[in-house]
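1. what's the 3D shape of this:
(2 chains)
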Amino acid sequence: MQEQSVRLLTLKINGQNFSKAVSPGMTLLEFIREEINLTGTKKGCDLGECGVCTVLADGNAILSCITLALECENMEITTIEGLAQGYELHPLQKSFVEKGALQCGYCTPGMIMGAVALLNKNPEPSEDQIKECLSGTICRCTGYTKIVEAVQDAAAHMKK
Amino acid sequence: MEYNTIGKPQPIISSVDKVTGRAHYTDDLRVHNPLHVKILRSPHASAKIISIATEKAMALSGVKLILTGADFKNTFGVLPISKDESALAKTVVRYIGEPVAAVAAESAAIAEKALKYIDVTYECLTPVIDMRKALDKTENSIHPELKKTTNLHKAVEQNFGDLDTGFKEAEQIVDEFFTFDAVTHAFTEPHATQVVLDGEGNITVYSATQVPYYLHKALAEVLEIPMHRLRVIKPHLGGGFGGKSDPFPHEMIAVKCALSTGRNIRLVFSREEVFYSHHGRHPSRINMKLGYHPKKGITALKGDMLIDGGAYASFGVVTSYYNGVLLQGPYELKNFGFHCDRVYTNKPVCGAMRGHGGVNPRFATEVALDIALTKAKIDPGYGRLDMILKPHSLTPGQFRITSSGLKQGLEKALQSSEWKRKYGKLPYGKGIGVACGFFISGSALPIHWTQMPQSTVRLTIDFDGGVTLYSGASDIGQGSDTMLAQMAAEVLGLPMKMIKVISADTRLTPIDYGSYSSRVTFMAGNAARNAAISIRKQLVEAACEILEIPPPIYASPAIPDSSFDLGGREPDFGNPYLGPNPKYHSDGFTFKDQLITTKQGNKSLNYLDVVRKAMDFQGALQAKGVYLSPKLGGDFKGAGAGLSPSYSFTTFVSEVSVDTETGFIKVDKVTCAHDCGFPLNPLSVQGQLEGSIHMGLGQALMEKMNYSRDGVLQNANFLDYKIPSAFEQPEINIVALESSENEGPFGAKEVGEGALAPLSPSVANALYDAVGIRLTSLPMTPDKVLKAMQQLKEG
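-> Residues are numbered from 1 along each chain as shown, chains lettered A, B, ... in the order given. The predicted model follows:
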């Protein structure tokens, strides 16, 4: 490994600015989990394959494990911790809880962030569009059945 | 019966933490100033270690410690009879990915870098990759310490009845050969361990484990630490499915690093390492011979299995037995036998995976049965109905079947799926198929032999009225904490929010064998229920004191002679083991909505007032409940394998579409009836069934660990190891089915594992209905489908 030049990077995460010294190779996931200790975003493969590290960058769902932190300068990053307003859960969070759309919960932050991006862009997604969105994230517990239901349920609530 | 909490959908109690990112998994914990540990793994499937030079790596700034096999004296293994694994390889390596050395350094990057500076000189040997070759005579067996002339690890055999006569009675004999590739758990959370030391010499180990108790014992043994200095805690766990139930090398390594450096330790696997760590389902080659007679059902069943254990023993002896003994249901059977050879090969270790040992032989049996039924021109759906084991019966190997709702379940599933209208009548390319199965609700015999109860649960109520429940059972995502809270909430008439569950912490929680073999609801659930009943008795006494009425007189039951009569005992309050599923309503009170009300006269007391009164006598309230399985089983070799106080039953009816151009199978719909007794939490029951269907579907259609002839795992990542996505999950129709299990907590049995096995054969049988081919090999990939279709065409 080459010694890498370190520079100061400021990222806006969940509305707050964080300034950290980062090397060029640092991923956004490392910045989130290791530099500012927002451990809600999970690391499942570190190769962009499992989707559990999904966060929002300017409203788009991205895989934070294969995104360099430096690429995210001047972007608005949202992690799972930035979704609820105090005790008021986001409709997707509420639906995941009520519909039983989680078991071990490890993929849940990634699933929810992916679904947030979907519903923000497409408030009335078809079942296939929901499945396509979810297919970027692996859930090994639920078989996805209740996750699809939860996204449909949240979409219905958000429309009201 | 009107219940307070059970039988109603309950979101799992940590779900808000899980949707907000607050739930801490092992690698989310931030321990003070840890060293980071990385593991150097073998690049060879079979080689002698000639030398390991660590000087260059040690010289790197920030490297604090390098461990090799020489640093570990003692071996380990989950079964006391086969402790064949060292935390780091000693003189030989036995699979690609085996841990060879470990570096502890100030950062993960430094530790990773140091791995490259460790020089290991190997002398390569010829690996054994093909399980068939493992039975060949050799002078260089993979485990020379066993002093065997082949790589056979374990051969087990049982025979009941008279197979020859059974096959003579048969009208149809099916003799088919089946093969199964390796599949792995693929939980989303990689293995992780963190170790925290304190100034008193105490060692706290946070680990992603299904069984803190086994890990605690193994760490003490391997590292020669007094057990009382250790504490093992399972934080939130990101999926297990059996793959986190062995004590693992990395856990020994992490604690050894902490002890050697005096520093806290952080260790987390990459996804590739998770694949090497494996311990998944054994690849198998199974010959199944089944005799069938239209009036007599299965007249004989004989299985011959060869299963590939990989490099070490793990649960292998149990797996070997389960391959055979889990064929004793769900059909009536007199003449039954099996032989199973488990062999060592130079591949990652196989162990326990959801449906442990029973999944592949179930596929073979259900397909063989389907062949027999269709040859005999018997409807394979309705034809199965008459063969099902009746409740209150014994299997050939003396499994005690108590409750079974399978017959009713199969009838309902066939009706609900419109089987009669569809079977044999769908257009070419579309088909419907059925299969059944059964599974244990926990093993009646523990792995570590003892007469101790299988589960202990402690309950306390203090000045605030809140109930704290302590259990060693591990919530691995299946919702066991929620189930335990439901037990206390139900008995005490309290809202779920008043029950705080503290689980899977070997310092705080009483001993429990952890989460495997689908044991938690039945065993820990019963223990929790018993603890709650005991503490309810204390509250009843206080209530009587307030009301100035005499305390109730509880019946003292006689211990029944027959194991079939153990259900429904009255509580024996002098004993923490209250007998199976004791009734507690005879105490003359109703506990509901934080009110304690007399059944006669309707005098209501506030729960908190009663707690205060009870504390007047004795301070903070506490109670213990245990579960102890009744004595079960026969007196012959291997009689203990598969014994369970109760069995679950499942049937699936699957509907498939086959693309006859590409050979691609799509499972459109699965109708499922699972007998889990009384469903305590319908939301979790559905979730377990949907998850089982997902995992079963993966093995049925796509999942496969691809080994090269040199033993290289070629798909150790999620792009190449294919797992069903949301698109592949079929429409699921769960048929409501309730049976009541007299000995289960509120009538409940297992749901987490049994529902996996019959999925793949139901798909294979549907494939036959769709295009007339019989696949005898999993996964049923498009190439196999096309080839079989071609062969059918050519006759």
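2. I'd like the distance between the spatially most central residue of chain A and residue A:108.
-> Nearest residue to the geometric centre of chain A (C-alpha atoms, centre = their mean): residue A:55, 2.8 Å. If you measure residue A:55 against residue A:108 using C-beta to C-beta, to the nearest Å, the figure is 13 Å. C-betas here are computed from N, CA, C, even on glycine.
3. Would you mind finding the longest helix in chain B?
-> helix B:525-547 (DSSP state H).
4. What mean pLDDT does it get?
-> Looking at helix B:525-547 alone, the average pLDDT works out to 96.
5. Could I get the buried residue list for the helix or strand residue B:273 falls within?
-> Following DSSP states H and E, one finds residue B:273 within helix B:271-277. Neighbour counts over helix B:271-277 (16 or more other C-beta atoms under 10 Å in any protein chain shown) mark B:271, B:272, B:273, B:274, B:275, B:276, B:277 as buried.
6. Please render those residues as a markdown table that adds distance to chain A to the earlier fields.
-> Listed next are those as a markdown table, based on distance: C-beta to the nearest C-beta, whole Å:
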| residue | distance to chain A |
| --- | --- |
| B:271 | 4 |
| B:272 | 9 |
| B:273 | 11 |
| B:274 | 9 |
| B:275 | 10 |
| B:276 | 14 |
| B:277 | 14 |
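7. Next, format those residues as CSV and append distance to residue A:117.
-> Below are the buried residues of helix B:271-277 laid out as CSV (distance: C-beta to C-beta, whole Å):
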residue, distance to residue A:117
B:271, 24
B:272, 29
B:273, 30
B:274, 27
B:275, 29
B:276, 34
B:277, 33
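8. between these, which is closest to residue B:244?
-> Checking the buried residues of helix B:271-277 against residue B:244 by C-beta to C-beta gives residue B:277 as the nearest, at 9.4 Å.
9. how close does the residue nearest to residue B:593 when sequence neighbours are not counted sit to chain A?
-> In this structure, residue B:593 finds its nearest non-sequential neighbour in residue B:493, 6.4 Å apart by C-beta to C-beta, 6 or more residues apart in numbering or on different chains. Residue B:493 is 24 Å from chain A, where distance means C-beta to the nearest C-beta, to the nearest Å.
10. tell me the contacts of residue B:493?
-> B:4, B:590, B:591, B:592, B:593, B:594, B:595, B:596, B:607 (C-beta atoms under 8 Å, 6 or more residues apart in numbering or on different chains).
11. ok, the second one - how many residues close by?
-> Spelled out, it's residue B:590. For residue B:590, the count of nearby residues is 17 (other C-beta atoms under 10 Å in any protein chain shown).
12. shaky segments in the stretch 151-300 of chain B?
-> Within the stretch 151-300 of chain B, no stretch has pLDDT under 70.
13. pretty sure the residue nearest to the centre of chain A is touching residue A:79, no?
-> Yes. Counting by C-beta atoms under 8 Å, residue A:79 is a contact partner of residue A:55 at 5.0 Å.
14. can you list residues touching both of these two?
-> Counting by C-beta under 8 Å, 6+ apart, the contacts common to residue A:55 and residue A:79 are A:32, A:41, A:113.
15. Most proximal residue of chain A with respect to chain B?
-> As assessed by C-beta to the nearest C-beta, chain B sits closest to residue A:40 within chain A, at 1.8 Å.
16. separation between residue A:44 and residue B:687?
-> In this view, residue A:44 and residue B:687 are 20 Å apart by C-beta to C-beta.
17. Now do the shared contacts for residue A:55 and residue A:108.
-> Counting by C-beta under 8 Å, 6+ apart, the residues touching both residue A:55 and residue A:108 are residue A:80.
18. quick one: contacts for residue 59?
-> The chain I'm using is chain A. Residue A:59 neighbours (C-beta under 8 Å, 6+ apart): A:76, A:78, A:117, A:120, A:121.
19. To clarify, I was referring to chain B.
-> With C-beta under 8 Å, 6+ apart, residue B:59 has these contacts: residue B:117.
20. What separation is there between it and residue B:66?
-> For residue B:59, the distance to residue B:66 (C-beta to C-beta) stands at 11 Å.
21. how does chain B divide into domains?
-> For chain B, automatic domain parsing gives the domain ranges B:15-20+B:445-627, B:31-125+B:188-239+B:244-277, B:284-444+B:636-794.
22. Out of the ones you listed, indicate the one that is most buried.
-> domain B:284-444+B:636-794 (a mean of 23; mean count of other C-beta atoms under 10 Å in any protein chain shown).
23. Could you tell me the average pLDDT over stretch B:32-50, please?
-> 98.
24. Please work out which residue of chain B is closest to chain A.
-> Closest point on chain B to chain A, by C-beta to the nearest C-beta, is residue B:21, at 1.8 Å.
25. so residue B:177 sits in a strand?
-> Yes. Counting by DSSP: H, G, I helix; E, B strand; the rest coil, one finds residue B:177 located in a strand.
26. Let me see the domain layout of chain A.
-> Taken from automatic domain parsing, chain A resolves into A:7-82, A:91-159.
27. Now tabulate these in a markdown table and tack on mean pLDDT and distance to residue B:377.
-> Listed next are these as a markdown table, based on pLDDT from 0 to 100; distance: least, C-beta to C-beta, whole Å:
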| stretch | mean pLDDT | distance to residue B:377 |
| --- | --- | --- |
| domain A:7-82 | 97 | 48 |
| domain A:91-159 | 97 | 36 |
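28. Thank you kindly, that will do.
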